[in-house]
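**Student:** I'd like to go over a predicted model; first the sequence, then the structure.
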Amino acid sequence: MKRVVFTNKGGVGKTSIACNLAAISAAEGYRTLLVDLDAQANATQYLTGCGPDDTPSGIADFFRQTLFPGSGKAQANVHPTPFDNFFLIAGSPELAELQPKLEAKFKIRKLAKLLDRLAADYDRIYLDTPPGFGFYSLSALLAADRCLVPFDCDSFSLTAIDRLLAELEDIADDHDGAAKIEGVVVNQFPARGALPEALIAELEQRGIPVFDERLMSSVKMKESHHACRPLIHLDPNHKLTRQFVALFHALED
């Protein structure tokens, strides 16, 4: 299964969701790969502790090879993370430099072909993308089987989500094998307040699939980022960790 976490809005916890679901997948015994397609390389930093200037070779090398092919198929270096069963294809700032060249050469299907080859070696593949419908996000949506859409209980997010889901459906209609919308993941859910419940109810009334599992807002996530340890390894008994585990099991059911 190849799963992309995507939204065109920044700051909704997309990277945190992708990395923590992947970490739980690996902790539960699945051989798991995370692909970091963001030039900011936040997922790579989270899982390795490397800053943007010292990230290991990764997905940018693969895309560079597709632009300047030599002998054989383009390959991406896969690195083990510090966690069992958990592997990473790193992001890097070079992705931003490569993007206009890749768009000009229409290399939009190259990632899908790479992941089809890698799928035999991994039980689960997660993709973290930059926000917006750019080259790397579209490549991920064409490479993945399923798409999770984060939602942060914000009125602006509600205004945009219908358009976002319509655009995702258009991509699926226009491209064979594009990711199907699996559902909306409610993130940064506050413990109190009527507005978040009202926003979620409105999504459900519109017929938008929303997972029952809510991910609370917690400083523990920031601590997890700082420690470069996903929650399942930092504090497996924390309430937010348990919520992530419940979401993971809902996806697997």
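**Tutor:** Nice, I can see it. Numbers count the residues shown, from 1 in each chain.

**Student:** residue 232 sits in which helix or strand?
**Tutor:** Element membership for residue 232, per DSSP states H and E: helix 231-234.

**Student:** average model confidence for that helix?
**Tutor:** Per-residue pLDDT over helix 231-234 has a mean of 98.

**Student:** report the buried residues of whatever helix or strand comes next after it.
**Tutor:** Sequence-wise, the next helix or strand downstream of helix 231-234 (DSSP H and E) is helix 239-252. Buried residues in helix 239-252, counting neighbours by 16 or more other Cβ atoms under 10 Å, are found at 240-241, 243-245, 247-248, 251. The C-beta positions use only the backbone N, C-alpha and C, and glycine is treated the same way.

**Student:** off-centre distance for helix 239-252?
**Tutor:** With Cα atoms, centre = their mean, to the nearest Å as the basis, helix 239-252 stands 16 Å off its chain's centre.

**Student:** by contact count, what packs against it?
**Tutor:** Applying 3 or more Cβ pairs under 8 Å, 6 or more residues apart in numbering; DSSP states H and E, one finds that helix 239-252 contacts helix 14-27, strand 210-216, helix 219-227, helix 231-234.

**Student:** nearest to residue 131, out of these?
**Tutor:** Of all these, helix 14-27 sits nearest to residue 131, with 7.2 Å by Cβ to Cβ.

**Student:** export the helix or strand that comes right after that closest one to PDB, keeping only CA atoms.
**Tutor:** Downstream of helix 14-27, the next assigned helix or strand under DSSP H and E is strand 32-36. Written as PDB, here are the backbone C-alpha positions of strand 32-36 (Å, rounded to 0.1, in the frame of the first residue of the first chain):
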ATOM      1  CA  THR A  32       8.000   0.700   5.900                       C
ATOM      2  CA  LEU A  33       9.400   3.400   3.600                       C
ATOM      3  CA  LEU A  34       8.800   7.200   3.900                       C
ATOM      4  CA  VAL A  35       9.500   9.400   0.800                       C
ATOM      5  CA  ASP A  36      10.200  13.000   1.600                       C
END
